[in-house]
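**Q** for reference, the sequence and a predicted model appear below.
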Amino acid sequence: MGSLIEYFKKTTAKNVLEKAIEHARKIQTCVIELNSGIILLLKERKFDEAHQKFRSVDEIEGEADNIRRDISQDISKGELNPSVRTDLSHLIKRMDDVANCANGVARRINTIPMKFWEQSSEDTINYILEMMETTVVCVKLLDKMVLDLLGERKKVKDYVSEINQLEHKVDVLNIKLRKSLQLTHYDINAFTIFTVGMTMNIIEAISDAIESVADYIMVLLTSANVL
């Protein structure tokens, strides 16, 4: 797998590198836009603006998909070592999973009736907001990590450590959120409850996906004897 690191150092990889950086930034924008929508929905109660943000996440995720396809076409046309092609494909796919999770939240949270949020406790709202705020910090670190991977590779290990800690924080917040939800009496139908549960699972999955990218990058660098 270390051959991918050598590939990144070549001038012939410039086109792929530029697209990989653009892809990482689209993914970051997806998560940030989702967070903005959730703040508008739960904190500022600006429902129409929130729904516009959630639709925007879907559009940005589509743009990230297009970049991913372009990268896949580029590496399929080039005369790459099979291991390089495989490693790069796995890296881009893992990064794309982050945007997919963000879009999954945006699509589902857009269908939850306002009645649910009106009946939710302050603790429930705050846990969701804090989970998303922590996830945004996570994805910003991922963006820096990708830039460092494609550059000097001096701070990757530090970024991985920070991401691991933040992902654990999201896990802890998710448990508190589950308890809070169960302490609240809701006058809503069963399908709404199911949708809320799925949505909360995917909010947690965003940071899981970010951690997966970080861990994979560590594997690549360790196998290349860079760290």
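**A** Structure's in. What do you need?

**Q** mind jotting down where the strands sit in the protein?
**A** For the chain, no strands are identified by DSSP state E.

**Q** low-scoring stretches of it, by residue?
**A** Residue ranges of the chain with pLDDT under 70: 1-14, 77-80, 224-227.

**Q** off-centre distance for the longest helix seen in it?
**A** For the chain, the longest helix by residue count, based on DSSP state H, is helix 190-223. Chain-centre distance of helix 190-223: 7 Å, with Cα atoms, centre = their mean, to the nearest Å.

**Q** what does stretch 125-142 give?
**A** That offset, for stretch 125-142, works out to 10 Å (Cα atoms, centre = their mean).

**Q** can I get the CA coordinates of it in PDB?
**A** Backbone C-alpha positions of stretch 125-142 (Å, rounded to 0.1, in the frame of the first residue of the first chain) are rendered in PDB as follows:
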ATOM      1  CA  ILE A 125     -32.000  19.600  21.100                       C
ATOM      2  CA  ASN A 126     -28.700  20.500  22.800                       C
ATOM      3  CA  TYR A 127     -27.300  17.000  22.400                       C
ATOM      4  CA  ILE A 128     -28.000  17.000  18.700                       C
ATOM      5  CA  LEU A 129     -26.500  20.400  18.200                       C
ATOM      6  CA  GLU A 130     -23.400  19.400  20.200                       C
ATOM      7  CA  MET A 131     -23.000  16.200  18.200                       C
ATOM      8  CA  MET A 132     -23.100  18.200  14.900                       C
ATOM      9  CA  GLU A 133     -20.800  20.900  16.200                       C
ATOM     10  CA  THR A 134     -18.300  18.200  17.200                       C
ATOM     11  CA  THR A 135     -18.700  16.500  13.800                       C
ATOM     12  CA  VAL A 136     -17.900  19.800  12.000                       C
ATOM     13  CA  VAL A 137     -14.600  20.100  14.000                       C
ATOM     14  CA  CYS A 138     -14.000  16.500  12.900                       C
ATOM     15  CA  VAL A 139     -14.500  17.100   9.200                       C
ATOM     16  CA  LYS A 140     -12.400  20.200   9.300                       C
ATOM     17  CA  LEU A 141      -9.500  18.100  10.700                       C
ATOM     18  CA  LEU A 142     -10.100  15.600   8.000                       C
END
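
**Q** quick check: buried residues in that stretch?
**A** Neighbour counts over stretch 125-142 (16 or more other Cβ atoms under 10 Å) mark 125-129, 131-132, 134-136, 138-139, 141-142 as buried. The way it works is simple: take the backbone N, C-alpha and C, and place the C-beta from them, glycine included.

**Q** one more: stretch 108-128?
**A** Residues Arg108, Ile109, Asn110, Phe116, Trp117, Ser120, Thr124, Ile125, Asn126, Tyr127, Ile128 are the ones in stretch 108-128 that count as buried (16+ other Cβ under 10 Å).

**Q** would CSV of the residues you listed with distance to Arg25 be doable?
**A** Formatted as CSV, the buried residues of stretch 108-128 follow (distance: Cβ to Cβ, whole Å):
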residue, distance to Arg25
Arg108, 25
Ile109, 23
Asn110, 24
Phe116, 33
Trp117, 31
Ser120, 33
Thr124, 32
Ile125, 29
Asn126, 29
Tyr127, 28
Ile128, 25
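
**Q** biggest separation within those, which pair?
**A** Asn110 and Asn126 (21.0 Å; Cβ to Cβ).

**Q** quick check, central residue of the chain?
**A** Val98 (3.0 Å; Cα atoms, centre = their mean).

**Q** touching, Glu162 and Val139? I think so.
**A** No. Using Cβ atoms under 8 Å as the test, Glu162 is too far from Val139 to be in contact (11.9 Å).
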